[in-house]
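Q: Give me the fold of what follows.
(chains A and B)
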Amino acid sequence: MALEPVKEVTGTGVFIPGADIDTDRIIPARFMKCVTFDGLGEFAFYDVRFDSETGEKTNHPLNDERFKDASILIAGVNFGCGSSREHAPQSLRKYGFNAVIAESFAEIFYGNSTTLAMPCVKASAADIAALRTAVEAKPDTQITIDLEKMTVRTCCDLEFPVNMPESAREALVSGRWDPIQELLDNDAAINDRAKALHYV
Amino acid sequence: MGKSLFQKVWDSHRVGTLGDGRTQLFIGTHLIHEVTSPQAFGMLRDLGLKVKFPQRTFATIDHIVPTINQDQPADPLAAEMIDAIRKNCDDFGVTYFDLKSGKQGIVHVVGPEQGITQPGTTIACGDSHTATHGAFGAIAFGIGTSQVRDVLATQTIALEEMKVRRIEVTGDLRPGVYAKDVILHIIRLLGANGGIGYAYEYAGDVFDRMSMEERMTVCNMSIEGGARCGYVNPDAKTIAYLQGRPYVDNTNFDETAARWLSFASDADAHYDDIVRINAADIEPTVTWGISPDAGISITESIPDPLKAKTPEEKASIEEALAYMKLPAGAPIAGTKIDVAFIGSCTNGRISDFREVAKYIQGHKVAAGVQAIAVPGSQIVAIQCEQEGIPEIFRAAGFEWRAAGCSMCLAMNPDKLVGDQLCASSSNRNFKGRQGSPTGRTVLMSPVMVAAAAIKGHITDARDLFDLETPAAVA
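A: This is a model prediction of the structure:
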């Protein structure tokens, strides 16, 4: 099962402000009443995009026409904290995001995202702020996340280093981001391990 | 240099190293529920795969189960999810604790109750509160749905090794300070993202004295501090709790128990970090904001953004206070509540209901407050009934419900309405967490929830009840 390597992601960005944006915010629990992940895209950030009483659109960045084509999400610290629900990165993926740049990520969210070939790269607060300024001044700013050089660069002279755990980077650039085949291939070793464990 | 429990369990479950450098880790016990498993079974079918060790996966339903008329979900989507897990378990040969089994409940209550949760094992579940099982000295953590697929198909996942932080809490807890306060205090100190990349080892005489259920409350909220897993070393209490439970090897129990104890951290174990906390510094703690690290003592005031140290902190406090509709700088005590909720995988066990029942007799829930009590499992519900606990709650004005996740995450009919404020024994105070996009959550211990329900506002339970020190007497 050869997977497409993810060596770089290019697109326009949108900045979503706030620290500790949790997975309930990304996909409210009521939209998880489903037995497939289809159709989750339209519910991404639903309760902050729409006023709960009037149903009107709020001034959330995702409602801003200037950012309607954005495919790179830019955020602050501890993005994706809380619930382990894969519905969160699934909804972002289906909404149209291909990568996230943030100051830091919650661990389960970042792992789930990697498995969906959606890189989550970390950057400094100052670099995030500069990127935010750039995209808000010029929403069509093209952003490239280069996973081989581990940099983010824009069309317009901004360039800064990013980081992510080496294993995730390697999984993405070598087309191993979904590990299922490799796990299956090690069947003999799995059986040996199972035999050595008293409780299995 | 000796090894920590984490290292021992990790080493004994390591299958190999994958091409990207991650460990292929054997997952000894897999727990599933109706929300995060149907897509995983769908993927298995798409790939033409079977469940490799069907006897190592255990299923129940909890998130979407109504707490009134459990077996009659009015919501067709909920009914579809219940049908899906039943069919998936039937098709793939997985043990399923359904509503008729008498064993259904919140997956993190059911595992320990059945003795499925055991020391020295790895436990995964598509739920971030899986760290609860760490109370038994297991390495237990939440996983995404693609990883649920991986466990079903291979009994392994790809995982980066974690660092280990030992959190020592020593000394005597003050009267009225519960396990919930201890973990809220730890999260407050270390932050909601402080544990990223770490497993937390909870150590020190405070945890030694705690009951197994109190340890579960602590480990349960590890993820709220950013730590994917948290554990307490197994000891005589762990062994005593497990002996005789259905899934324990009771015929060779002494041998099993000795093996379990051998996983405890060595005295000279290596830790990547050590944090020391004085038990006497911990007060009954409540949250004021929209992240579980926004905790303060019941005697403190709500933070003032004008006193923030950085522009980011100021913006964060302002956002939280605007959502919570709380006044900066005012005491948190006295904040009016609309709903009181006692239950969840954090605080929905028999000891939680016994503790509250000790104090609410002779009191009444304040007018205008809806108070609900939800046992964490059918077995907890039966234990409560045998002890006359539902009558005590009902006499005090609580609604007594059937087992489920209930108002912790509102995937079932139990939800806040509009901007209602809920005093809650659950684990998350995120925006919209309890089902209304503008609903407000204040986290606290069950006894503090009961006190708030009776007074109609957030209050210091020590002023209302004559409280003992639970951890010290256990």
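Q: And the strands in the stretch 51-200 of chain B?
A: B:57-60, B:95-97, B:122-125, B:139-142, B:156-159, B:163-170, B:198-203 (DSSP state E, counting those that start in this stretch).
Q: and those strands as TSV, adding distance to chain A and mean neighbour count?
A: C-beta: built from backbone N, CA, C; applies to glycine. Conversion of the strands of the stretch 51-200 of chain B to TSV gives the following (distance: least, Cβ to the nearest Cβ, whole Å; neighbours: other Cβ atoms under 10 Å in any protein chain shown):
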stretch	distance to chain A	mean neighbour count
strand B:57-60	12	25
strand B:95-97	15	20
strand B:122-125	8	28
strand B:139-142	4	29
strand B:156-159	4	28
strand B:163-170	12	21
strand B:198-203	9	26
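Q: how about B:Trp10, secondary structure?
A: Under the three-state scheme (DSSP: H, G, I helix; E, B strand; the rest coil), the conformation of B:Trp10 reads as helix.
Q: Is it in contact with B:Gln24, as I believe?
A: No. Contact status for B:Trp10 versus B:Gln24: not in contact, 11.8 Å apart, counting by Cβ atoms under 8 Å.
Q: between these two, which one's more packed in?
A: The residue with the greater number of neighbours, taking B:Trp10 and B:Gln24 and applying other Cβ atoms under 10 Å in any protein chain shown, is B:Gln24; the counts read 24 against 20.
Q: so how far is the lengthiest helix in chain A off the chain centroid?
A: Ranked by residue count, the top helix of chain A under DSSP state H comes out as helix A:125-137. Its chain's average C-alpha position is 18 Å from that of helix A:125-137, according to Cα atoms, centre = their mean, to the nearest Å.
Q: could you redo the strands of the stretch 51-200 of chain B as JSON lines and give each row distance to A:Pro139 and mean pLDDT?
A: JSON lines is the format used below for those (distance: least, Cβ to Cβ, whole Å; pLDDT from 0 to 100):
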{"stretch": "strand B:57-60", "distance to A:Pro139": "47", "mean pLDDT": "98"}
{"stretch": "strand B:95-97", "distance to A:Pro139": "50", "mean pLDDT": "98"}
{"stretch": "strand B:122-125", "distance to A:Pro139": "41", "mean pLDDT": "98"}
{"stretch": "strand B:139-142", "distance to A:Pro139": "36", "mean pLDDT": "98"}
{"stretch": "strand B:156-159", "distance to A:Pro139": "37", "mean pLDDT": "98"}
{"stretch": "strand B:163-170", "distance to A:Pro139": "40", "mean pLDDT": "98"}
{"stretch": "strand B:198-203", "distance to A:Pro139": "38", "mean pLDDT": "98"}
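Q: which residues touch the longest helix of chain A?
A: With Cβ atoms under 8 Å, 6 or more residues apart in numbering or on different chains as the contact definition, helix A:125-137 has outside contacts at A:12-15, A:67, A:70, A:74-76, A:101-103, A:123, A:141, A:143, A:152, A:154, A:156, A:158, A:160-162, B:312.
Q: Filter the residues you listed down to the ones in helices?
A: With helices identified by DSSP H, the entries of the contacts of helix A:125-137 that belong to them are B:Glu312.
Q: What segments of chain A are strands?
A: Under the criterion DSSP state E, strands of chain A are mapped to A:8-11, A:13-15, A:72-74, A:99-102, A:120-122, A:143-146, A:151-154, A:159-161.
Q: Looking at the third one now, give me its mean pLDDT.
A: It refers to strand A:72-74. In this model, strand A:72-74 has a mean pLDDT of 98.
Q: At which residues are the strands of the stretch 301-450 of chain B located?
A: Secondary structure of the stretch 301-450 of chain B (DSSP E, counting those that start in this stretch): strands located at B:339-342, B:370-373, B:399-400, B:421-424, B:440-443.
Q: Now render those strands as CSV, adding distance to B:Ile61, mean neighbour count and mean pLDDT.
A: Converted to CSV, the strands of the stretch 301-450 of chain B look like this (distance: least, Cβ to Cβ, whole Å; neighbours: other Cβ atoms under 10 Å in any protein chain shown; pLDDT from 0 to 100):
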stretch, distance to B:Ile61, mean neighbour count, mean pLDDT
strand B:339-342, 20, 27, 98
strand B:370-373, 19, 24, 98
strand B:399-400, 20, 17, 98
strand B:421-424, 22, 28, 98
strand B:440-443, 24, 27, 98
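Q: I'm done for today, thanks for sticking with me.
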